[in-house]
Each structure stands twice: as structure tokens, then as C-alpha cells.
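**Student:** have a look at this fold, sequence not included:
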């Protein structure tokens with residue numbers, strides 16, 4: 001199997017002169033992974049799939065997350081790498097790091113600053129850098145239900161694989177609105193349904209809108225171990241002409257909290 005060639009450096013630092021570090025997105029669901037207890041938290045997840053027969057298939061995925069919360073502040077960083085091969089040819093090679101700073105303005109309103117770096121070979125994305133800010137509003141948040149709504153704006157810089165493009169620009173910097181609504185439903189003491197929808201239109205071309213729907217069924221195995229089954233639907237209103245506008249993926253994975 002060829003070695004995984006993903007080399008990138010976290011180049012997004014979110015700083016504010018008015019605060020000290022105490023604590024979407026370009027189609028990445030960070031909302032369903034939030035934690036709420038004060039202190040430091042670390043999570044690690046992994047998944048693996050293999051098939052042999054008419055089609056040889058192998059996939060590896062890893063993800064990690066670090067949170068730090070103190071009073072009104074919440075800082076967290078998420079990173080993941082996914083690589084897959086079918087019949088000795090790579091068909092998935094993706095990595096990203098996302099960092100976010102939240103500050104609770106009131107019991108219902110939270111200010112957010114965020115940044116991200118991403119690479120995804122199979123949508124021709126060599127590099128995506130973005131940064132932005134927004135406001136998150138709590139509609140309801142109790143033991144059985146949680147609903148949050150967020151609005152914001154971000155600047156996005158993309159570098160695509162020019163050799164595989166037909167008419168789409170290889171380098172582009174745009175401004176997008178970023179809006180989301182997240183929902184959590186407690187089915188039982190050990191089972192949650194979580195879903196989030198992001199809508200990210202380009203401000204000067206509303207036809208170029210990206211939509212992400214990420215739904216999960218999460219099973220609590222123990223206080224520190226969870227199993228999740230997820231479906232992710234992505235739609236890009238302005239993809240390169242050689243790509244389909246909509247992708248659907250289904251996966252399962254294990255998460256361990258430390």
C-alpha cells in the first residue's frame with residue numbers, strides 16, 4: 001500500500017487582545033462534538049473498513065479533539081485524517097484542523113471566532129484556509145432536547161489542482177455567510193440523535209451555496225466510550241465542472257474521551 005502523503009501545518013491561530021485563552025466551518029461538523037464541563041478534555045476516535053472479493057477496499061480514519069473550558073471561555077481544536085484505497089488505487093485522502101474560540105455573552109448568546117486548514121485530494125482541494133466570526137443562539141438546552149442556531153461570516157481561500165480543472169479558477173478567495181442549526185434529542189440514557197445543517201452562501205453569488213447535513217446516532221457504551229453511526233450529505237452549488245455537486249457518506253466509529 002502506498003504511504004499516506006498528507007503533510008500540513010496548522011496555520012490558523014485565533015487571537016484576541018481583549019481575552020486570554022480559556023475557550024462552520026467549511027463543511028465540517030464541529031457542533032455535535034462540543035463539551036460543556038470546565039477543565040481540559042481530550043477525545044480520540046478511529047475507524048477501519050476492509051473488503052476483499054470483487055472489489056478490494058481498505059479505509060483508515062483517525063480524529064482527535066482537545067477542549068479547554070473556564071467560566072465564559074471555551075477553546076477547542078479538532079483534527080482528522082482519512083485515507084482509503086480500492087483495488088490498489090487511492091480514492092480518499094483528506095485531512096483538516098479546525099480551531100474555535102467561544103465566549104458566552106449571556107446565558108443564550110455566544111460569540112465565536114474560528115479558523116480552519118483543510119486538504120481533500122478527491123475534490124481537487126490542495127489547500128483551504130478560512131477564518132471567521134459569528135453569534136450562536138440557544139433556543140432550548142435541557143436533558144432531553146438541545147437546539148442552537150448560529151449566524152456568521154468567513155473569508156475562505158482555496159487552492160485547487162489546476163491540472164484537473166476545466167474552467168473553475170485554481171485559486172480563489174471569497175467571503176461566505178455561514179449559518180447553522182443543530183439539534184440533539186435524547187432517546188434514552190445511553191442513546192442520542194444529533195443533527196446539524198450548515199448553509200454557506202457566497203455573498204456575491206447566492207447560487208454558489210454549500211450545504212452540509214450531518215446526522216448521527218450515538219450510543220454511550222460507558223462514561224468514556226461512545227459508538228456512533230453517521231450519515232453526511234454535502235452539496236456544493238459551485239463545484240469544478242469535473243466533480244459531482246453532491247456527496248453522501250455513511251460511517252461508524254468509536255470515540256474515547258480522556
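**Tutor:** Happy to help now that I have it. Just so we're clear, the structure is a prediction, and the values are computed from it rather than from any experiment.
**Student:** beyond the worst-scoring helix or strand of the chain on mean pLDDT, next helix or strand please.
**Tutor:** Ranking every helix and strand in the chain by mean pLDDT, DSSP states H and E puts strand 39-51 at the bottom, with a mean of 78. Sequence-wise, the next helix or strand downstream of strand 39-51 (DSSP states H and E) is strand 57-70.
**Student:** that following strand pairs with which strands, and in what direction?
**Tutor:** strand 39-51 (antiparallel), strand 73-86 (antiparallel) (DSSP bridges).
**Student:** switch the ones you listed over to CSV; also include distance to residue 95 and mean neighbour count.
**Tutor:** The way it works is simple: take the backbone N, C-alpha and C, and place the C-beta from them, glycine included. Converted to CSV, the strands paired with strand 57-70 look like this (distance: least, CB to CB, whole Å; neighbours: other CB atoms under 10 Å):
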stretch, distance to residue 95, mean neighbour count
strand 39-51, 14, 13
strand 73-86, 5, 19
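**Student:** need those strands in CSV with distance to residue 200, can you?
**Tutor:** What follows is these, written out as CSV (distance: least, CB to CB, whole Å):
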stretch, distance to residue 200
strand 39-51, 25
strand 73-86, 18
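**Student:** tell me which of those sits nearest to residue 159.
**Tutor:** Nearest to residue 159 among those is strand 73-86; the distance by CB to CB comes to 19.1 Å.
**Student:** model confidence over the closest one, on average?
**Tutor:** The average pLDDT for strand 73-86 rounds to 86.
**Student:** okay, the angle between the next helix or strand after it and strand 57-70?
**Tutor:** Downstream of strand 73-86, the first helix or strand assigned by DSSP H and E is strand 89-104. Going by axes from the mean of the first three to the mean of the last three CA atoms, to 10 degrees, strand 89-104 is angled at 10 degrees with respect to strand 57-70.
**Student:** tilt between the helix or strand that comes right after strand 89-104 and strand 73-86?
**Tutor:** Of the helices and strands lying after strand 89-104 in sequence (DSSP H and E), the nearest is strand 109-120. Taking the same axes, to 10 degrees, strand 109-120 and strand 73-86 form an angle of 20 degrees between their directions.
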